[in-house]
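Colleague: Just a sequence and a predicted model for now, questions to come.
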Amino acid sequence: VPLRSRGRDDDDDDEPFSEEDYSLEIETLDDWPSEGVASRSLAVLEPVVHLDVVVPSAYLGSALEVLEGRSRVTDVDASSATNVIKSVAPWSTVVEGLGESLAEATKGYASLNVENEQRWRR
């Protein structure tokens, strides 16, 4: 999972990041910042993705239970026999087996669509 770190040279954690702050892309452990850089105010950010889960009404509750602890559900369209659950989650949630957990909970009837949000979070 790619990560991004944001930091600043001062120790004021209450202030939001600004243009003067620095950013590092972390693709592998070799990219992890050195001790000198890491000792500054440093926040590790991870990519966020948008999820659409399509599931039959009979498995809506099971799908919501799986998503509940792993993502933030933003909308549930239960207007027909096929329901669409929209949520936002960290990319690591998908990598760590979200699709498999949904398939198990819905006996294979859930469909998962993942779209990159082009944003990062702490």
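Modeller: Perfect, I can see it now.
Colleague: Could you check how far the residue most central in space within the chain is from residue 121?
Modeller: The chain has residue 90 as the residue nearest its centroid, 0.9 Å off, counting by CA atoms, centre = their mean. Separation of residue 90 from residue 121 (CB to CB, to the nearest Å) stands at 7 Å. Yep, even glycine has a C-beta here, placed from its N, CA and C like the rest.
Colleague: Please apply the same query to residue 86.
Modeller: Between residue 86 and residue 121 the computed distance is 17 Å (CB to CB).
Colleague: more neighbours, these two?
Modeller: It is residue 86, of residue 86 and residue 121, that has more neighbours when counted by other CB atoms under 10 Å, with 17 against 11.
Colleague: quick one, what contacts the more buried one?
Modeller: Residue 86 makes contact with 50-52, 73-77, according to CB atoms under 8 Å, 6 or more residues apart in numbering.
Colleague: So, low pLDDT: which residues of the chain?
Modeller: Across the chain, the ranges flagged by pLDDT under 70 are 1-24, 33, 35-42.
Colleague: Pick out whichever of the contacts of residue 86 sits closest to residue 114.
Modeller: Within these, the smallest distance to residue 114 is 5.9 Å, found for residue 51 (CB to CB).
Colleague: Isn't the closest one up against residue 70?
Modeller: No: using CB atoms under 8 Å, residue 51 makes no contact with residue 70, being 9.4 Å away.
Colleague: Determine which member of those two has the greater number of neighbouring residues.
Modeller: Ranked by neighbour count (other CB under 10 Å), residue 51 and residue 70 place residue 51 first, with 24 against 18.
Colleague: any idea which helix or strand carries that one?
Modeller: Per DSSP states H and E: residue 51 is located in strand 41-56.
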